[in-house]
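1. Fold the following.
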Amino acid sequence: MISIYTDGASRGNPGPGGYGAVMIYGTLRKELSEGYRLTTNNRMELMSVIAALEALKKEGTAVTIYSDSKYVVDSVEKKWVFGWEKKNFKEKKNPDLWMRFLIVYRKHKIKFVWVKGHASNKENNRCDELAVAATQGGHLKIDSGYENEMKSAGVKLL
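-> Okay, here's the model as predicted:
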């Protein structure tokens with residue numbers, strides 16, 4: 001069983017954003033984080049889960065994901081995302097990330113657990129630190145899914 005803790009952050013919503021993830025398997029531990037120049041908090045919450053799952057080397061792994069994002073946890077545990085998929089994500093936000101999530105989600109045995117954010121969960125707090133630090137990095141990546149969506153909607157980006 002692998003335990004994965006995740007968190008996303010943005011300075012402004014939208015604004016510079018980042019994610020953090022902590023992966024634990026027995027005594028092994030891996031931390032992931034990355035920052036983006038313009039994105040949203042919900043995109044970073046979902047991206048943290050995707051990045052951690054994509055880092056797994058073996059398919060069929062039993063995974064418990066701990067997240068403080070009701071957006072992510074409820075979308076999967078209440079099976080909303082599967083209904084959205086059947087409707088080709090029509091009028092849903094972040095379809096690019098949800099499609100990417102579903103590909104990696106189906107490769108493993110995953111359970112989500114919601115945890116209260118900014119509380120006493122040591123690993124969730126570490127993920128928050130990683131995510132916030134990632135928003136302040138010097139080489140922020142482009143969240144092309146978000147920026148392309150904004151351009152298509154006629155929003156002028158810097």
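2. Distance from the helix or strand of the chain with the lowest mean pLDDT to the middle of the chain?
-> For the chain, counting by mean pLDDT, DSSP states H and E, helix 144-152 ranks last in confidence among helices and strands (a mean of 90). On the basis of C-alpha atoms, centre = their mean, to the nearest Å, the separation between the geometric centre of helix 144-152 and that of its chain is 18 Å.
3. Going by contacts, tell me the helices and strands next to it.
-> Taking 3 or more C-beta pairs under 8 Å, 6 or more residues apart in numbering; DSSP states H and E as contact, the helices and strands that helix 144-152 lies on are strand 28-39, helix 95-105. No exception for glycine: its C-beta is placed from N, CA and C like everyone else's.
4. So which of these is nearest Glu54?
-> Taking C-beta to C-beta as the criterion, Glu54 comes closest to helix 95-105 out of the helices and strands packed on helix 144-152, the separation being 5.5 Å.
5. Tell me where this protein has strands.
-> Counting by DSSP state E, the chain has strands at residues 2-10, 15-25, 28-39, 62-67, 109-114.
6. re earlier: just name the most buried of the helices and strands packed on helix 144-152.
-> Compared across the helices and strands packed on helix 144-152, strand 28-39 shows the largest average neighbour count, a mean of 19 (mean count of other C-beta atoms under 10 Å).
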